[in-house]
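[1] Give the three-dimensional model of this entry:
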Amino acid sequence: TANLITFAAYTFRKSFIRSCSTPYCSQLILLSGLFLTMTVLFSLKFKNPKSNESLDFLKASIIGISQSFGMFPGVSRFGITYATSRFLSISPRRSFEFSFLLHSLLVLGLLARTAIENNKELKLVFEHITFSNLALIAVSAIISFFILKFSYYMAKAKQFWKFSFYFPIPIGLLVWLILS
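    Have a look, this model is predicted:
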């Protein structure tokens, strides 16, 4: 359900982004997305610790609607679905797992669509695989694993809101870029 709602929002996103043709407009959309993600993550600090393991159709639909905001630049799809599920009183562990699963399915779908649409370009990529590129991929995967593990620990400890503290850096840089 959640991914179907996100797919419907994807169509709206394409027309919305196309209508914003100036760099200033694009920067404001990105700034709004970053600010929204920062605010939603920080609001987790004030979340009532009450948890419930149940996930029904209504909750999945609400999470899907919130996930559709992740289609806009600057909005963390994972962060917004995690926060929404926490505010729906789903446990931190379950919220993390559900958000990760939603995110993974969308990434796999995007990879499949890209592979189908760009079959010729994909063959070119495979022709240029070198040992150093594979080593970089392996190192990136290892680093990503530990970051994901740390994120899971923070979610279980009900400290996920602390990830909002890095957002003032890109927001400040973007404001500086807009004003200069």
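[2] quick one, phi/psi of the residue nearest to the spatial centre of the chain?
    Centre of the chain computed as the mean C-alpha position; nearest residue by CA atoms, centre = their mean is residue 77, 2.6 Å away. Per-residue torsions, residue 77: phi -60, psi -40 (degrees, to the nearest 10).
[3] roughly how far apart are it and residue 87?
    Residue 77 sits 16 Å away from residue 87, going by CB to CB, to the nearest Å. For glycine as for every other residue, the C-beta is placed from the backbone atoms N, C-alpha and C.
[4] so where is the chain shaky, pLDDT-wise?
    1-18, 21, 115, 118-128 (pLDDT under 70).
[5] what about 50?
    Scanning the chain for pLDDT under 50 picks out nothing.
[6] what about the helices in it?
    2-19, 23-43, 57-68, 77-87, 92-117, 119-127, 131-156, 168-179 (DSSP state H).
[7] Single out the most deeply packed of those.
    Scoring the helices of the chain by mean neighbour count under mean count of other CB atoms under 10 Å gives helix 77-87 as the most buried, with a mean of 23.
[8] For that helix, what is the distance to the chain centroid?
    9 Å (CA atoms, centre = their mean, to the nearest Å).
[9] just to revisit the earlier point, residues near the nearest residue to the residue nearest to the centre of the chain once chain neighbours are set aside, how many?
    Spatial nearest neighbour of residue 77, chain neighbours left out: residue 70 (2.7 Å); criterion: CB to CB, 6 or more residues apart in numbering. Here the number of neighbours of residue 70 (other CB atoms under 10 Å) works out to 23.
[10] Could you do residue 91 as well?
    Neighbours around residue 91, by other CB under 10 Å: 20.
[11] Against residue 54, how distant is it?
    10 Å.
[12] what does residue 160 give?
    21 Å.
[13] Those two - which one has more neighbours?
    Shown here are residue 160 and residue 54; by other CB under 10 Å, residue 160 has more neighbours (24 against 10).
[14] Just the CA atoms from stretch 136-148 would do, formatted as CSV, please.
    Taking Å, rounded to 0.1, in the frame of the first residue of the first chain, the C-alpha atoms of stretch 136-148 are listed here in CSV:
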residue,chain,number,x,y,z
LEU,A,136,35.8,0.9,-3.7
ILE,A,137,32.4,-0.8,-3.9
ALA,A,138,33.4,-3.2,-1.2
VAL,A,139,34.8,-0.5,1.1
SER,A,140,31.6,1.5,0.5
ALA,A,141,29.4,-1.5,1.3
ILE,A,142,31.4,-2.1,4.6
ILE,A,143,31.1,1.5,5.7
SER,A,144,27.4,1.5,4.8
PHE,A,145,26.9,-1.6,6.8
PHE,A,146,28.4,0.0,9.9
ILE,A,147,26.4,3.2,9.4
LEU,A,148,23.2,1.3,9.1
